[in-house]
Structure formats: C-alpha cells, structure tokens
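1. Dropping a prediction and its sequence here:
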Amino acid sequence: MTQSTRWFWLTVGLISAGLLYFLAPILLPFVAGALLAYLGDPLVDRLEKFNISRTLSVVVVFFVAFLIILPILLFLIPLLESQIRLLFAKAPSYIDWLMVNLEPKLQETFGVNIPALEVEQLKSTFTDYFSHAGSFFKSLLRTVTHSGFVVVGWAANLFLIPVISFYLLRDWDRLVAYIHDLLPRDVEPTISQLAKESDDVLGAFLRGQMMVMLALGTIYSIGLKLVGLEFSLLIGMLAGLLSFIPYMGLIVGIIVAGAAVLLQTHDPMNLLWVGAVFVIAQMIEGTVLTPLLVGDRIGLHPVAVIFAVLAGGQLFGFFGILLALPVFAVIAVVMRHLNKSYKGSHLYGSPPESYIATDDDEASSKAS
C-alpha cells in the first residue's frame, strides 16, 4: 500500500466516523431498516428460487412478518402493562415487609439503620405514580406528547423504518454487488473474505440469538408462572432480553425472580423452584436452542459484549446500543485477520516456517 493510498483510506475513515457521530440522531430509522432488510434477505432469496419476483417476495415476507408480530404485540403489551401496574400497586406492601423482616437483621449484623422518613418517601413515590399515572403506556404517551417535535420524530421513525426496510430489501443484492464492484481489485479478495466471515457472525447473532432470546423469555415466563410468581411475564422477558450477554440474563433473572417470589410468598423454599426453572432453561438453551439456532460462530467474549453495549450507548445513545453488537462482531472479525497478519509479518519477529518444530518432530525426537 503506497503512502497516498494510506492517506486516502485514512481520510475516508475519518470522514465516515465524523459523519456517523454528527448524524447519529437521524440514523436510527436507516440502521433499523438496514438490520431488518439484512434479516429478511435470506427469506427473500429462498422465495426467489421458486421463480417469484424479488418485489413480490419482499411483499410476502413483509406480510408474513406483520401477521406474526401484530398478534404478539396485541397480547404481550397489555399483559406487560397489567404486570407493571400490579408491581406499582404492591410495591408499598413489599417495602413494609422488608422493613419488618430485613431491617432488624441489617441493624444487628452490620449496624445499618434505614431512616423511616426515606422509607415513607419511597412508598409515597410508588403510590403517587400508580394513582396519577393510571396506565404505564398512557403515561409514556402523555410524556412524549409534551413536545410536538418528539411526536413528529417518533411518527416519522415508525413510518420510515418499514419503508426504508422495504426498499433496501428489494435492492439488497444489487447494493451488495455495487459495493463489491467499487472495491479496489488488489484488496477485493481480502475484503470479500472478511465480509463473508462477518456475515457468518452477524447471521448467527442477529437471526439465531434473537430467536434464542425470545425462546428463553418464553420458557422463563412459563416456568415462573408455574411457580406462582405474579410478575412471571415481566421478569421472564427481562431475563430473556438480557440473555444476549452470556450469563447476564441468568444472573439477573435469578436475583430478580428470587426477590419477587420471596416478597410475594415469604417462603424461602420457593427460591429452590425459581432456581430449578432457570437451571432447566439453561439446560435447554445449551443442549437445544444455541446449537440449533446459533452454533459456535459468534465467538464474542462476554466482557467484550458488555463493553460494546456500554460504549455504543455512551457514544450514540439508543442508536449506538442498537448498532453496538453488529459493529463489534465485524470489528472482531477484522481484528482476528489483523492478528493473523501481524503474527506472519516481520514485526512479530517469528522465525521462518522451516525452523518451527512441529509436535510430530518433538515426539520423534523424544522417542529417539
């Protein structure tokens, strides 16, 4: 790579990063639309094999997705709303139980004394919010409608996401071919290989892991419902949503569900049933869901996943959180390629291949 070429790609990278940073507030519908188009492209490609036109295939995929998503939202949102209302309604009684049973032990063991005034303020906060807000989603809508620009922004995003997704999905293969044609011929094989590996990683995560998250959330919710937990759907879906970070959903789910069942029943023996639900769910995930839906192609360390999500949120807000893991998966593929290239270069200082002893050579020398 010549000096001018390096400066060219450095300039392109800096300009792209600057545009991404400054345009982040308006990029959410485009990123969401691109992700949906990426998820739907394999389905459209399969329909095209039956001699169905690309546009009609996209329409069919959109229609089927609408038929699947709409009933879920119509049933799920009211159930979640009712459980949130129930949580706010019962929070004061839970706080009273904690003060009666937990405060003496804290004071006896650690010398911690919880001021009664702060407890009463906390209870009044829950009571006031529940009595005035009425409905969680109505309250959210009321908060959003305080600003006309916010309403316009939300409406525009809700309208633009499916429109952008439709057009990107219709022209997806054409766009990929166009980008491939623009690549410099000397780096095209390397970039094509990196793109293929990145597609394997992104496909495994976006298509497989999301299905695992939904399946785990469903298993958690059903299991906690059988245990008798009142907030089974709310806690189960929360644990399923967090399961994209390895063990995070398990840890958070056990802690929250354990605290909830203890506050509800006051019987520590129910903690065993909660633990059994999560253990069985993890066994199903490890033996069935992950091997079947995801495989072992992601290869992202849990700490790296947490860092990617936090860094994306810090830099770009919700848009950054949405884009963090796909971008980090691609970066991980590129870093593995750079690591391999570095170890094969003179900078690493590795000896020539002819002087590297293999395991068979070592074994034969020991035997002699």
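-> That came through, no problem. Because the structure is a prediction, the values reported are computed rather than measured.

2. those helices in the stretch 51-200 of the chain, which residues are they?
-> Secondary structure of the stretch 51-200 of the chain (DSSP state H, counting those that start in this stretch): helices at 54-101, 103-109, 116-133, 136-144, 148-170, 172-182, 188-202.

3. Would you single out the least confident of those?
-> Among these, helix 136-144 carries the lowest mean pLDDT, a mean of 51.

4. and the closest residue to Leu175 other than its chain neighbours, what is it in contact with?
-> Excluding the flanking residues, the one nearest Leu175 by Cβ to Cβ, 6 or more residues apart in numbering is Leu168, at 7.3 Å. Placement of C-beta: from N, CA and C, glycine included. Taking Cβ atoms under 8 Å, 6 or more residues apart in numbering, we find Leu168 in contact with Gly33, Ala34, Ala37, Leu175.

5. Model confidence for the most centrally placed residue in the chain, exactly?
-> By Cα atoms, centre = their mean, the mean C-alpha position of the chain lies nearest to Phe244, the distance being 5.3 Å. We have a pLDDT of 75 for Phe244.

6. swap in Ala204?
-> 69.

7. same check, this time on Ile306
-> Reported pLDDT for Ile306: 77.

8. what's around the closest residue to it other than its chain neighbours, how many residues?
-> Closest residue to Ile306 apart from its sequence neighbours, by Cβ to Cβ, 6+ apart: Ile245 at 5.9 Å. Neighbour count of Ile245, defined by other Cβ atoms under 10 Å: 19.

9. And Ile245, how far from Ala308?
-> 10 Å (Cβ to Cβ, to the nearest Å).

10. do Thr190 as well
-> Taken as Cβ to Cβ, the span from Thr190 to Ala308 is 24 Å.

11. So for the two, which sits in the more crowded spot?
-> Regarding Thr190 and Ala308, a neighbour count based on other Cβ under 10 Å identifies Ala308 as having more, with 23 against 12.

12. quick one: what helix or strand has that one in it?
-> helix 302-316 (DSSP states H and E).

13. Going by contacts, tell me the helices and strands next to that helix.
-> In terms of contacts (3 or more Cβ pairs under 8 Å, 6 or more residues apart in numbering; DSSP states H and E), helix 302-316 is packed against helix 3-22, helix 318-343.

14. try 7 Å
-> On a contact count with 3 or more Cβ pairs under 7 Å, 6 or more residues apart in numbering; DSSP states H and E, helix 302-316 meets helix 318-343.

15. Now stretch 18-27: buried residues?
-> Leu20, Ala24, Leu27 (16 or more other Cβ atoms under 10 Å).

16. on that earlier part again, only alpha carbons, please: show the helix holding Ala308 as CSV.
-> In CSV, the C-alpha atoms belonging to helix 302-316 read as follows (Å, rounded to 0.1, in the frame of the first residue of the first chain):
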residue,chain,number,x,y,z
PRO,A,302,-18.9,-11.8,27.5
VAL,A,303,-16.8,-8.9,28.8
ALA,A,304,-16.4,-7.6,25.2
VAL,A,305,-20.1,-7.8,24.7
ILE,A,306,-20.8,-5.7,27.8
PHE,A,307,-18.1,-3.2,26.8
ALA,A,308,-19.6,-2.9,23.3
VAL,A,309,-23.1,-2.2,24.5
LEU,A,310,-22.0,0.4,27.1
ALA,A,311,-19.6,2.1,24.6
GLY,A,312,-22.3,2.2,22.0
GLY,A,313,-24.8,3.7,24.4
GLN,A,314,-22.3,6.3,25.7
LEU,A,315,-21.3,7.5,22.2
PHE,A,316,-24.5,7.3,20.2
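
17. What lies in contact with that helix?
-> The contact list for helix 302-316 (Cβ atoms under 7 Å, 6 or more residues apart in numbering) reads Ala24, Ile245, Pro246, Tyr247, Gly320, Ile321, Leu323, Ala324, Leu325, Phe328.

18. of those residues, buried ones?
-> Buried positions within those, assessed by neighbour count (16+ other Cβ under 10 Å), are Ala24, Ile245, Gly320, Ile321, Leu323, Ala324, Leu325, Phe328.

19. Any chance of CSV for these, columns distance to Leu272?
-> Shown next, in CSV, are the buried ones among the contacts of helix 302-316 (distance: Cβ to Cβ, whole Å):
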residue, distance to Leu272
Ala24, 47
Ile245, 26
Gly320, 40
Ile321, 35
Leu323, 41
Ala324, 36
Leu325, 34
Phe328, 38
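
20. what's the farthest-apart pair in those?
-> For these, the maximum inter-member distance is 23.0 Å, found between Ala24 and Ile245 (Cβ to Cβ).

21. Count the residues that sit near Gln264.
-> 18.

22. Figure out the helix or strand that the residue nearest to it when sequence neighbours are not counted lives in.
-> In space, and not counting its chain neighbours, Gln264 is closest to Glu230: 5.9 Å by Cβ to Cβ, 6+ apart. According to DSSP H and E, Glu230 maps onto no helix or strand at all.

23. how near is Glu230 to Lys90?
-> Glu230 is 8 Å from Lys90, by Cβ to Cβ.

24. Then Trp7?
-> Taking Cβ to Cβ, one finds Trp7 at 64 Å from Lys90.

25. quick one: contacts for Asn51?
-> If you count contacts by Cβ under 7 Å, 6+ apart, Asn51 has none.
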